[in-house]
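# using only what follows, build the 3D model:
(one chain, ligands or ions: 1)
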Amino acid sequence: MADRPVAEELLALALDVAAEAGDLLVRGRAGDVAAESTKSSPTDVVTALDRASEELVARRLREARPDDGILGEEGADAAGTSGVRWIVDPIDGTVNFLYNLPNWAVSIAAEIDGEVVAGVVHAPALGRTYTALRAGGAALDGRPLRVSAVDSLTMALVATGFGYTVERRTAQVAVLTRVVPRVRDIRRMGAASLDLCAVAAGTLDAYYERGLKPWDHAAGGLVATEAGAVVGGLDGAPGGEDLYVAASPAIFGPLVDLLAQDPRADRD
Ligand code: LIP
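Numbering: from 1, shown residues only. From the prediction side, this is the model:
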């Protein structure tokens, strides 16, 4: 277990840096934004502001804690020697940001010896900042968060997301056709970190997605867990790239059992 004073210091730094990156992005979003390059497919875009945000976050974290490691979506990658590693998504919800939709966030998590102990999901266009400390709870703008009390999958509002390749999306739609008839409804909002924070806030009852990277879920996963969500994959696996599920406790098992009915839920 990390020393809370260190974890609280890491949270304070993450909040400060996420706010500065958020200001940069809000200013940049006021102008023209265009895709600068693509990654896994023509729709998997990177903007100059993704890179500018990650450069700012990495620089400020290095200035404050030069011995820490960092892993960022746009290429920041340093091992560090302190035992602390930062996991950064400089814009989670890049397509939303590109289209000037407000559902995007700067996501910064701090690990100590491989355990995420502090997380910030800062969504300036929504005017919301989610935070969490390991064993210290989760909050939205300082107000404590708690998952919903839903007790039946048929009454659950469930979010999901899709990858960027035709093959992956085809498989994900097949899985989705099993889920839609068995839940209240589905939402696809385009930013994993904010989907996880919505589970924490009880504005979603569950979220699942295949293909998430560590930077997509590191901070939001801690927010969800600290708000009482159960997080994991199929067959007792931890949540990860194969499949990430976060849900209010009573429906986690039924949702995972439903997803497990399709072999494509956590593999190609
Ligand atoms: C996004 C995730 C989202 C997923 C998108 C994309 P990005 O992250 O937050 O859940 O469905 O395909 O991966 O690329 O905007 O940082």
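# what about the helices in the chain?
4-29, 48-64, 94-98, 166-179, 192-201, 214-226, 249-259 (DSSP state H).
# next, count neighbours for the closest residue to residue 266 other than its chain neighbours.
Closest residue to residue 266 apart from its sequence neighbours, by CB to CB, 6 or more residues apart in numbering: residue 243 at 3.8 Å. Every C-beta, even on glycine, is put in place using the N, C-alpha and C of the backbone. Residue 243: 23 surrounding residues under other CB atoms under 10 Å.
# how close does the closest residue to residue 40 other than its chain neighbours sit to residue 268?
Nearest residue to residue 40 in three dimensions, chain neighbours excluded: residue 164, at 4.8 Å (CB to CB, 6+ apart). Distance, residue 164 to residue 268, using CB to CB, to the nearest Å: 14 Å.
# what about those two, which has more around it?
residue 164 (16 against 11).
# quick one, what contacts the more buried one?
By CB atoms under 8 Å, 6 or more residues apart in numbering, the contact list for residue 164 reads 39, 40, 41, 43, 44.
# for the stretch 151-268 of the chain, which residues are neighbours of the ligand?
161, 162, 163, 164, 190, 191, 192, 209, 216 (CB under 6 Å from any ligand atom).
# just these now: which is nearest the ligand?
residue 161 (2.5 Å; CB to the nearest ligand atom).
# which positions in the stretch 1-150 of the chain make contact with the ligand?
73, 89, 92, 93, 94.
# strands - which of those land there?
89, 92 (DSSP state E).
# pLDDT and neighbour count for the residues of the stretch 1-150 of the chain next to the ligand - can I get that in TSV?
Putting these into TSV (pLDDT from 0 to 100; neighbours: other CB atoms under 10 Å) gives the following:
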residue	pLDDT	neighbour count
73	95	23
89	98	32
92	98	30
93	97	26
94	96	24
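# out of the contacts of residue 164, what pair is the most spread apart?
39 and 43 (9.7 Å; CB to CB).
# show me the residue at the heart of the chain, geometrically.
residue 193 (2.4 Å; CA atoms, centre = their mean).
# most tightly packed of the helices of the chain?
Of all the helices of the chain, helix 192-201 carries the top mean neighbour count, a mean of 31, counting by mean count of other CB atoms under 10 Å.
# now do the domain split for this structure, please.
Domain segmentation of the chain under automatic domain parsing yields 4-144, 153-260.
# quick revisit: which residues are in contact with the residue nearest to residue 266?
208, 209, 210, 233, 234, 237, 259, 265, 266.
# what score does the third one have for pLDDT?
The reference is to residue 210. As predicted, residue 210 sits at a pLDDT of 98.
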